[in-house]
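1. Sharing a model that was predicted from the sequence below.
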Amino acid sequence: MISRASLTGAISAGIISADQADKLVSYLSLQAENIQNQQASESLHDPEEVRFTRGFHDIFISLGILILFAGYGVGFGDTLTQGGLPTAAVAGAAAIITWVLAEWFTKIKKLALPSILLTGLFGGSIALVGFGLFTPDVLNNDSEAIQVILSSIFALVGASLFYWRFKVPITLTVIVAGIMGLIVGALTLVTDTKILDYLSWVSLVCGLFAFGCAMYFDTKDTKRETLNTDKAFWLHLLAAPLIVHSILSGMYFEQQTEAYALVSIAVVLAFGAVALIIDRRAMLVAALSYLGFALAYLLESADFSASQLTAISLVLLGSFVLLLGSGWNVARRIVMRPLAGTTLTTYLPPIRN
């Protein structure tokens with residue numbers, strides 16, 4: 001803002017008139033107010049905002065979809081299966097129904113939550129079609145790995161067509177999961193099931209693959225303003241449990257001990273640091289269960305009843321979530337401090353106040 005003394009001097013020097021000075025003050029005040037409103041809006045913006053619903057209408061439609069398919073699966077589908085109709089046919093009919101509903105609720109009405117549900121239902125249905133079509137009897141082969149490979153390819157094609165048609169972000173997660181199934185099936189076949197002895201390592205690689213895909217979309221939208229952030233969100237939800245579970249289940253301990261509990265907490269904290277760096281709270285969801293079990297084990301040596309132990313563990317876990325959630329931006333500034341000025345920060349979301 002220009003000071004009142006400067007404006008008075010400009011009026012005295014004949015540079016501007018008093019009327020022009022008043023108009024300039026009004027204009028600058030309005031500009032300052034707009035800037036403040038914009039800054040306030042940016043500070044309230046959630047960088048991890050995901051488009052779930054635009055109102056109760058979405059929830060109401062989603063409830064109808066769930067009731068419809070619950071009735072189909074429990075009643076109609078069960079009756080058809082018992083009547084001799086192949087599972088692939090029942091699941092195929094469900095996939096067709098899902099596609100038709102998506103044409104209306106996703107393609108035309110563009111409802112977020114129903115689209116997410118329909119994507120999940122279509123992915124599950126098309127996977128069941130694959131498993132029903134490529135049974136060992138049909139393939140004349142006892143290898144379940146071949147069934148997994150062919151079913152994964154079938155599901156991948158179906159999910160890819162669904163994404164091409166409807167562009168629902170969560171569909172990419174279904175596609176990545178199909179790729180994982182294909183990889184695991186191929187490795188199982190090539191190694192004659194020996195790879196299953198190293199399942200935790202396979203799970204870790206799959207989780208890192210999903211994490212890499214998520215980061216690809218995150219780096220394309222560091223300001224979290226496009227649908228790329230939704231795609232990354234769902235991929236992070238897929239990657240997180242795979243990574244955390246494979247690390248903690250793959251650690252060699254004769255039995256659950258205090259050392260295992262402490263290592264679990266350390267892994268969760270390290271995972272939390274990564275979540276802060278990439279600004280993704282979704283990454284921590286999978287780790288919370290392990291943190292809760294670790295806290296419960298460490299408290300087990302104290303003289304608490306089972307109900308007291310459960311209550312205290314949940315209170316501590318809830319307090320941790322609330323504390324971290326409330327101070328997320330402060331914690332992120334602390335974690336990001338050593339990375340200041342590095343090339344890595346150009347691929348990460350900006351630090352917010």
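-> The structure has been received and is ready for your questions.
2. Against residue 158, how distant is residue 118?
-> Here residue 118 is placed at a distance of 13 Å from residue 158 (Cβ to Cβ, to the nearest Å). All C-beta atoms are positioned from the backbone trio N, CA, C, and that covers glycine.
3. More neighbours: which of the two?
-> Set residue 118 next to residue 158 and count neighbours by other Cβ atoms under 10 Å: residue 118 wins out with 29 against 22.
4. where in this protein is pLDDT low?
-> Judged by pLDDT under 70, the chain has its weakly predicted residues at 1-5, 7-11, 21, 31-53, 76-85, 136-142, 250-257, 301-304, 353.
5. isn't residue 62 right up against residue 114?
-> Yes - Residue 62 lies in contact with residue 114 (Cβ atoms under 8 Å); the separation is 5.1 Å.
6. And the two? Which one has more around it.
-> Taking other Cβ under 10 Å, residue 62 and residue 114 do not tie; residue 114 has more neighbours (26 against 21).
7. ok, that one to residue 126 distance?
-> In terms of Cβ to Cβ, residue 114 sits 18 Å off from residue 126.
8. What segments of the stretch 51-200 of the chain are helices?
-> Assigned by DSSP state H, counting those that start in this stretch, the stretch 51-200 of the chain shows helices spanning 56-71, 77-82, 87-102, 112-133, 136-139, 144-166, 171-190, 199-220.
9. For the ones you listed, could you give me a markdown table that also reports distance to residue 231?
-> Listed next are the helices of the stretch 51-200 of the chain as a markdown table, based on distance: least, Cβ to Cβ, whole Å:
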| stretch | distance to residue 231 |
| --- | --- |
| helix 56-71 | 19 |
| helix 77-82 | 31 |
| helix 87-102 | 18 |
| helix 112-133 | 12 |
| helix 136-139 | 34 |
| helix 144-166 | 10 |
| helix 171-190 | 5 |
| helix 199-220 | 5 |
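10. Which of those has the highest mean neighbour count?
-> Comparing these by mean neighbour count (mean count of other Cβ atoms under 10 Å), helix 112-133 ranks first with a mean of 22.
11. Now for residue 23, how many residues are close by?
-> 12.
12. Can you name the helix or strand that it falls in?
-> With secondary structure defined by DSSP states H and E, residue 23 is part of helix 18-44.
13. One more: residue 297?
-> helix 282-299.
14. Can you point out the buried residues in the next helix or strand along the chain from that helix?
-> Toward the C-terminus, helix 282-299 is succeeded by helix 306-326 as the next helix or strand (DSSP H and E). For helix 306-326, burial by neighbour count (16 or more other Cβ atoms under 10 Å) applies to 309, 313, 316, 317, 320, 324.
15. Output the residues you listed as CSV; include the columns distance to residue 88.
-> Formatted as CSV, the buried residues of helix 306-326 follow (distance: Cβ to Cβ, whole Å):
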residue, distance to residue 88
309, 47
313, 45
316, 48
317, 43
320, 46
324, 46
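16. quick one: which of the residues you listed is nearest residue 203?
-> Checking those against residue 203 by Cβ to Cβ gives residue 317 as the nearest, at 24.1 Å.
17. Name the nearest residue to that closest one, ignoring sequence neighbours.
-> residue 292 (4.7 Å; Cβ to Cβ, 6 or more residues apart in numbering).
18. C-alpha coordinates for the helix holding residue 297, PDB please?
-> What follows is helix 282-299, C-alpha atoms only, in PDB (Å, rounded to 0.1, in the frame of the first residue of the first chain):
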ATOM      1  CA  ALA A 282      -2.500 -42.100   3.200                       C
ATOM      2  CA  MET A 283       0.900 -43.800   3.500                       C
ATOM      3  CA  LEU A 284       0.600 -44.000   7.200                       C
ATOM      4  CA  VAL A 285      -2.800 -45.700   7.300                       C
ATOM      5  CA  ALA A 286      -1.300 -49.200   6.700                       C
ATOM      6  CA  ALA A 287       1.300 -48.700   9.400                       C
ATOM      7  CA  LEU A 288      -1.100 -47.700  12.200                       C
ATOM      8  CA  SER A 289      -2.200 -51.300  12.900                       C
ATOM      9  CA  TYR A 290       1.400 -52.400  13.400                       C
ATOM     10  CA  LEU A 291       2.000 -49.400  15.600                       C
ATOM     11  CA  GLY A 292      -1.000 -50.400  17.700                       C
ATOM     12  CA  PHE A 293       0.100 -54.000  18.100                       C
ATOM     13  CA  ALA A 294       3.600 -52.900  19.000                       C
ATOM     14  CA  LEU A 295       2.300 -50.500  21.700                       C
ATOM     15  CA  ALA A 296       0.100 -53.300  23.100                       C
ATOM     16  CA  TYR A 297       3.000 -55.700  23.300                       C
ATOM     17  CA  LEU A 298       5.200 -53.200  25.100                       C
ATOM     18  CA  LEU A 299       2.400 -52.500  27.600                       C
END
